[in-house]
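[1] sequence? don't have it. structure:
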């Protein structure tokens, strides 16, 4: 008797748990993998769901995987794709996916007014709503007149041990290093990075940590992205940001990118979602949220604290070339900054 | 001893599906990546086996060794005092539960808590946790309960008559040294090995504390170079070290008998009386609870702020908490069945086949979570297997595969303490294995089963690396949610969620204890 009850309970419990948690009704749907912070991407995906009746099933990445978890997943799923749309918070990995044959070209009508440099010539991906690589500083520790104007000032003795940066093998910091390789040439970029290392730059785990060490006053200045600074400013932290090299190389812009996955299970729904993501409305929403992303098109409604793209001195880069340099720069940085 | 004919083949198939299929897919995938790269221009760019790897490897080994020693130094006395000191039943239960609490808080949360503490005390005493010693301390705070839990499981299974007989003629210390500790040694080693391997493959805490360790090099191969093959090559030393440890454990146990005729049946423990011992035990347990529970909880409460934060956290993450708990329970059950099955046939039939099965079951020990995730995709992502890969079942299989070694080792320690004579006698009487399983094996192994269930449950609940790669679209586990909030800088919500999830697991644990008490089968803690 006892064992019959045991077998009954052992069979019933998993069945009930399974039924309660894992069974869902069928609906038209689109599967999106996104490395954009959930707090920013979820409201946009929910609006799409509400407006179109298409259920959005999202997989979000986390900073712990250095935003490459989903890229590894997409590469592993290549033979039997489950994802329809990849919405990436940067561009280098999207270009890597294109190179490995994971993307399918789609020219959305929404990309018409997006500047040429922010979209792929073959239509494999398109960029929108950019973040900028900036310097965050602690307002209690640095006066405005003491702020550096260029990232190249940071190799001078005055900044020794006073600057932080995320580990430059991952995320936007890796992309930033690759951009330096691309625009300055390999030799000069290496020289600059050696200078940073010699000046005892503090290497930390991720851009949000770089922001936090400045917020806490451990160092007065750090490299990070605009969204990280905006989140801190929004929560009342005594920090500000500098768009560096306005008289030189300019500030690197890192746009969101969106792409359709080759052989995706719901291509029709995927196109509709891509159209929505690339629209001016989405760019505007991303500039009004806490991430305060910079619209790549002129005239998109934005809050006053988000600069118009034309007001910035933007680093002139070829995104394809930057993506080519990511691994080269990463190899060099690993040797240099391997802690 | 004669085992059911189909048991071993069934376990081979089950463990093969769980472990070998993702492993084979991972290896095949890495070679496919190599062929695709052709000239090697993209693959293996990150792997250069120069002296640069030596320092991170040395640091990882130092961290793993230091953490294991510290966890044993904290966990074993804690388990012993709770199990054997002359405490009232209520005090014993209180310390039992409190000593498990740190394991319910993920290691990265411990790291965040001690970073907050570091910020407060650094200007006062100059103590900085951002170094190898800080990492050892933080990991020990998170992992010593695993040593305590497994050691207690061993202590509870020791035949109390032996200890009581010894206490009649010898001093307490001689009884501990001569009887109690040697009999609980398999469990203690199982716990120590868990901690060593956890610490060896851990990189979230070292990364937060700015210490560059070997697993980061593996992660770099995936994340910076998309090079599965080099990552697999770099994982090999971890696999070798883990297997080496298992062999050491086997060697230490060789020739010793851990079979106790009345294992698990004794209700009361053999208490070591004495006022000094009781005071010392209570002080030690309280100090440990203060360091590992009260300080982290206090910091989390301060960071979480008002009650509204908890309400908001529960509202926004209630579904994720329930989903994670359900997945962890199912994953734990799925790991328990093959783990204990393989451990049982390994102990009862010393054939090469069962030895092979045991070692296959241990393989996931040192496979990095990302590799396991990629292997799971390769193994289960096929059009005809959509029922698995397209649903949460793949996450459950991932948990079962990743944490099978823990179930296997704890099962092995539990089976070692069973007397095969009882099973043989029962087989002569009934001839039915289901009877023997239900009436003898499960009741006698309930402590080991319960301990393994909770260890795997807790580990599954906090799993992130492979879950992220196989989670079905539209679903989210609580660690993914917490990590996302951490990046967003929502410290209050993160702290509230950590406290809430710990509370829920604790309630779940309490419910289990109440059920066990009602069934009149004694207690696990």
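    In hand now; what should we look at? Predicted model, so just to flag it, every value in this text is computed and none were measured.

[2] residues near residue A:186, how many?
    Look at residue A:186: counted by other CB atoms under 10 Å in any protein chain shown, it has 14 neighbours. Quick note: C-beta positions are derived from backbone N, CA and C, even for glycine.

[3] give me every residue that touches it.
    Listed by CB atoms under 8 Å, 6 or more residues apart in numbering or on different chains, the contact set of residue A:186 reads residue A:328.

[4] Residue B:295: neighbouring residues, count only.
    By other CB under 10 Å, neighbour count at residue B:295 equals 16.

[5] what's the neighbour count on residue B:493?
    When neighbours are defined as other CB under 10 Å, residue B:493 has 23 of them.

[6] Excluding sequence neighbours, find me the nearest residue to the spatially most central residue of chain B.
    For chain B, the residue whose C-alpha lies nearest the mean C-alpha position (CA atoms, centre = their mean) is residue B:455; its distance is 4.8 Å. In space, and not counting its chain neighbours, residue B:455 is closest to residue B:406: 5.5 Å by CB to CB, 6 or more residues apart in numbering or on different chains.

[7] ditto for residue B:141
    Nearest residue to residue B:141, sequence neighbours excluded (CB to CB, 6+ apart): residue B:292, at 4.7 Å.

[8] where does the nearest residue to residue A:278 once chain neighbours are set aside land on pLDDT?
    Excluding the flanking residues, the one nearest residue A:278 by CB to CB, 6+ apart is residue A:110, at 3.7 Å. Residue A:110 carries a pLDDT value of 95.

[9] What of the one 5 residues further on?
    Each residue has a pLDDT score; the one for residue A:115 is 94.

[10] My guess is it contacts residue A:296. True?
    Yes: the pair residue A:115 and residue A:296 passes the contact test of CB atoms under 8 Å, sitting 6.1 Å apart.

[11] Secondary structure element for the residue nearest to residue B:455, which one?
    In this assignment (DSSP states H and E), residue B:406 forms part of helix B:393-416.

[12] Now the element after that helix, going C-ward?
    helix B:420-429.

[13] so does the next helix or strand after that next one get close to chain A?
    Using DSSP H and E, the helix or strand that follows helix B:420-429 in sequence is helix B:433-436. Yes: against chain A, helix B:433-436 shows contacts by CB under 8 Å from any CB of the partner chain at B:434, B:435.

[14] Same check on stretch B:476-496?
    Yes: using CB under 8 Å from any CB, we find that stretch B:476-496 touches chain A at B:476, B:480, B:481, B:483, B:484, B:485, B:486, B:487, B:488, B:489.

[15] Strands of chain A, residue ranges please.
    According to DSSP state E, chain A carries its strands in the segments A:29-34, A:55-60, A:85-88, A:103-104, A:126-138, A:163-166, A:202-204, A:221-225, A:239-242, A:253-261.

[16] among the ones you listed, which is nearest chain B?
    Taking CB to the nearest CB, strand A:55-60 is the member of these nearest to chain B, at 3.3 Å.

[17] what about the closest residue to residue A:323 other than its chain neighbours, distance to chain B?
    For residue A:323, ignoring the flanking residues on the chain, the nearest one in space by CB to CB, 6+ apart is residue A:95 at 3.7 Å. Distance, residue A:95 to chain B, by CB to the nearest CB, to the nearest Å: 12 Å.

[18] Just the element for residue B:225, please.
    Assigned by DSSP H and E, residue B:225 belongs to no helix or strand.

[19] pretty sure it contacts residue A:330?
    Yes: using CB under 8 Å, residue B:225 makes contact with residue A:330 at a distance of 7.0 Å.

[20] Number of residues surrounding residue A:141?
    Using other CB under 10 Å: residue A:141 sits among 16 other residues.

[21] so what's the closest residue to it other than its chain neighbours up against?
    Nearest residue to residue A:141, sequence neighbours excluded (CB to CB, 6+ apart): residue A:220, at 4.0 Å. Shown in contact with residue A:220 (CB under 8 Å, 6+ apart): A:137, A:138, A:141, A:142, A:162, A:214.

[22] separation between the fourth one and residue A:29?
    Right, residue A:142. To residue A:29, residue A:142 is 50 Å away according to CB to CB, to the nearest Å.

[23] Residue B:284 falls within a helix, correct?
    Yes: checked against DSSP: H, G, I helix; E, B strand; the rest coil, residue B:284 lies within a helix.

[24] was I right about it contacting residue B:78?
    Yes: under the criterion of CB under 8 Å, residue B:284 makes contact with residue B:78 at 7.1 Å.

[25] So which of those two has more stuff around it?
    More neighbours surround residue B:78 than the other of residue B:284 and residue B:78, with 27 against 17 (other CB under 10 Å).

[26] Report the contact partners of residue 240.
    You didn't pick a chain, so chain A it is. With CB under 8 Å, 6+ apart, residue A:240 has these contacts: A:136, A:137, A:139, A:229, A:233.

[27] between these, which is nearest residue A:57?
    Checking these against residue A:57 by CB to CB gives residue A:229 as the nearest, at 31.8 Å.

[28] pLDDT weak spots in chain B?
    Chain B contains residues with pLDDT under 70 at B:1-2, B:30, B:32-51, B:249-274, B:366, B:487, B:489, B:512-513, B:515-525.

[29] Run the angle between the longest helix anywhere in it and helix B:393-416 for me.
    In chain B, taking DSSP state H as the definition, the longest helix is helix B:307-348. Here the directions of helix B:307-348 and helix B:393-416 differ by 50 degrees (axes from the mean of the first three to the mean of the last three CA atoms, to 10 degrees).

[30] Could you give the number of residues near residue 81?
    Unless you meant another one, I'm taking chain A. By other CB under 10 Å, 17 other residues sit near residue A:81.

[31] wait, chain B
    25.
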